[in-house]
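>>> Sequence and predicted structure, then a few things I'm wondering about:
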Amino acid sequence: MTALEAAAPTPGAAAPSSVAAAARGGWWGVAGSAANAVLAFVFVGLITRALGAQGAGSVFTGVALFTILSNACKLGSDTGLVRFVARDIAVSGGRSVGGLLRAAVVPAVVASTVAALPLLLCPAVATALLPHLRPADAVTLVRLFGAFLPVATVGLVLLGAGQGHGTVVPFVGVEQIGKPLLRVAIAVPVACYAPGMLPLAAAWLLPALAGTVAAWLALRRCRAARGTTHPAAHGTIPWRDFWGFAAPRAVSSLFDYSAVWVGVILLSALATGAEAGVYTAIGRVVTAGTLLQLAIRLAVAPQISRLLAVDQLAEARHLHRVSTCWVVLFSWPVFLLLAGFPRTVLSVFGPEFVHGAPALVVLCGAAMVNVAVGNAQTVLLMSGKSSWHLVVTAVAFTVQLTVGVLTVPRWGVLGAALSWGAAIVVENLSAAVLIRLRLGFTTVDRGYRTALGAGLAVASVLAAVRFLTGDTLSGLAAGMTLGMCVFGTTLWWYRRPLGVSELFGVLRRRTA
């Protein structure tokens with residue numbers, strides 16, 4: 001028995017099962033996150049090298065608008081499916097899954113179609129969003145994104161249903177590997193032989209078609225495997241409960257995704273397209289560092305929903321502590337490395353991106369606060385408190401928008417980073433306080449303190465290397481090497497309190 005298992009409030013035979021299930025899903029998520037990070041870097045590098053900061057900023061402004069709208073038009077139904085499908089399978093064997101799917105998909109189709117109409121029919125939207133482009137180019141670019149909006153939205157909803165069946169494989173295969181890989185495969189010849197904003201925007205959009213088809217096929221397989229293909233009439237469809245949960249999540253989802261991309265839009269409208277391109281590259285670097293947290297979240301969410309549905313609250317709390325320990329353990333060293341050598345990291349995108357180094361440091365600090373509280377927001381949602389989550393995200397987004405409007409015109413990229421960083425800190429600390437005081441989910445235990453200690457040990461090494469070598473490529477290489485040595489040693493000596501034996505034990509069983 002590991003120390004983490006011993007720390008569980010009510011240990012028993014069932015306790016390791018949810019941790020093992022989360023670990024298995026986490027391994028898939030880690031693989032997908034790694035692939036997504038590499039492919040995203042390659043794609044952003046292709047865009048920035050082919051178009052420069054100005055042209056890349058225009059394309060990524062369209063991506064920002066598309067991402068915000070597609071996730072808003074889900075109306076929170078993807079998260080609703082994660083929670084309600086998992087609960088329905090745990091309680092009744094999935095008798096109401098078909099009805100839940102119809103309840104989720106139809107409104108999402110209607111909402112995304114309505115949202116696409118202004119992009120397709122109102123040129124003023126495009127010229128206001130991209131004032132630095134010729135009006136004809138801006139209108140064509142925005143219309144291209146509008147045409148793909150409904151099909152992409154449906155695909156995201158279907159992937160949520162797949163997660164509700166207890167597997168992250170469809171999400172990882174489609175959203176984290178399949179679509180990014182197709183984007184790079186299409187963008188490489190386009191960047192070489194026909195570089196331009198419209199062709200490269202199309203390279204980003206086209207995989208959405210294949211992704212939606214793949215999500216539908218994967219969901220059919222999940223339903224067949226789980227036996228959830230019963231007619232809806234055989235089960236009670238909790239329409240009121242479903243939309244009572246999903247409606248607040250729809251609004252909070254809008255805030256969540258807007259927080260990631262609103263800086264790009266503010267920079268495009270209040271500063272320059274070039275700064276929007278620099279900020280996009282910085283955001284991609286920071287997002288890559290949080291992909292492990294996303295991987296764990298994908299695996300943990302349906303497990304927590306299932307445990308709460310059958311009143312296994314102690315095990316759900318234990319799972320949250322274990323997963324938070326894993327996220328902190330593996331994510332903090334990444335952010336410390338990025339913050340230690342920001343100019344060298346950003347030089348990968350080109351020399352004009354290096355001046356965004358202070359913004360990268362700010363966002364790395366905020367991201368460390370984000371991972372330090374674990375998946376507190378997932379706990380809020382899977383416990384049915386979507387209205388609480390809405391309040392948290394609304395306050396954070398208000399902070400971000402206020403700080404952004406005040407600082408972006410004066411400080412550009414740094415102002416956008418300060419606004420997003422402030423929102424990250426407010427949102428995550430608020431969620432952590434809520435789940436601690438109102439739901440009894442704690443975060444700090446022996447394993448968590450050890451994980452923080454491992455991060456501080458790596459920070460000391462990186463600080464010494466940075467002092468001796470400066471922000472240089474050789475310093476980055478030395479910092480990575482020595483940091484990995486310190487991290488690996490810490491991981492080995494404290495593997496029991498860190499729960500590493502549980503995490504890697506799942507991998508050994510899968511490959512045995």
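Okay, I see it.
>>> Residues contacting stretch 421-439, please?
Defining contact as C-beta atoms under 8 Å, 6 or more residues apart in numbering, one finds that stretch 421-439 is touched by 259, 320, 362-363, 365-367, 369-370, 372-373, 376-377, 379-380, 383, 385, 388-389, 392-393, 395-397, 399-400, 403, 441-443. For glycine as for every other residue, the C-beta is placed from the backbone atoms N, C-alpha and C.
>>> Just the buried ones from those?
259, 320, 362-363, 365-367, 369-370, 372-373, 376-377, 379-380, 383, 385, 388-389, 392-393, 396-397, 399-400, 403, 441-443 (16 or more other C-beta atoms under 10 Å).
>>> The residue minimising distance to the centre of the chain sits in which helix or strand?
Centroid check for the chain by C-alpha atoms, centre = their mean gives residue 294 as the closest residue, at 5.1 Å. Assigned by DSSP states H and E, residue 294 belongs to helix 291-309.
>>> what do you get for residue 214?
Counting by DSSP H and E, residue 214 is part of helix 207-226.
>>> which other residues reach that helix?
By C-beta under 8 Å, 6+ apart, helix 207-226 touches 89, 94, 97, 148, 151-152, 154-156, 158-159, 161-162, 165-167, 169-170, 173-175, 178-180, 182-183, 186, 228-229.
>>> So which of the residues you listed sit within helices?
Under the assignment DSSP state H, the contacts of helix 207-226 contribute 89, 97, 148, 151-152, 154-156, 158-159, 161-162, 169-170, 179-180, 182-183, 186 to helices.
>>> Quick check on residue 167: phi, psi?
Main-chain dihedrals, residue 167, degrees, to the nearest 10: phi -130, psi 140.
>>> So what's the predicted local confidence for the closest residue to residue 64 other than its chain neighbours?
Leaving aside its chain neighbours, residue 64 sits nearest to residue 261 (3.5 Å; criterion: C-beta to C-beta, 6 or more residues apart in numbering). On the pLDDT scale, residue 261 is placed at 73.
>>> same question, the one 3 residues further on
On pLDDT, residue 264 comes in at 76.
>>> With residue 473 instead?
88.
>>> Could you check how many residues crowd around the closest residue to it other than its chain neighbours?
Using C-beta to C-beta, 6+ apart and skipping the chain neighbours, the partner closest in space to residue 473 is residue 344 (5.5 Å). A count of nearby residues for residue 344, using other C-beta atoms under 10 Å, gives 20.
>>> which parts of stretch 471-478 are buried?
471, 475-476, 478.
>>> Also stretch 243-260?
Quick answer for stretch 243-260 (16+ other C-beta under 10 Å): 243, 245-260.
>>> Return the subset of the residues you listed lying in helices.
243, 245-260.
>>> This protein: strands as residue ranges?
Assigned strands in the chain: none (criterion: DSSP state E).
>>> quick one: low-confidence ranges for it?
Within the chain, the ranges that satisfy pLDDT under 70 run 1-33, 93-94, 226-238, 272-273, 499-512.
>>> hang on, the earlier thing: using neighbour counts, trim the contacts of helix 207-226 to the buried set.
For those, buried by 16+ other C-beta under 10 Å: 89, 94, 97, 148, 151-152, 154-156, 158-159, 161-162, 165-167, 169-170, 173-175, 178-180, 182-183, 186, 228.
>>> This completes my enquiry, with thanks.
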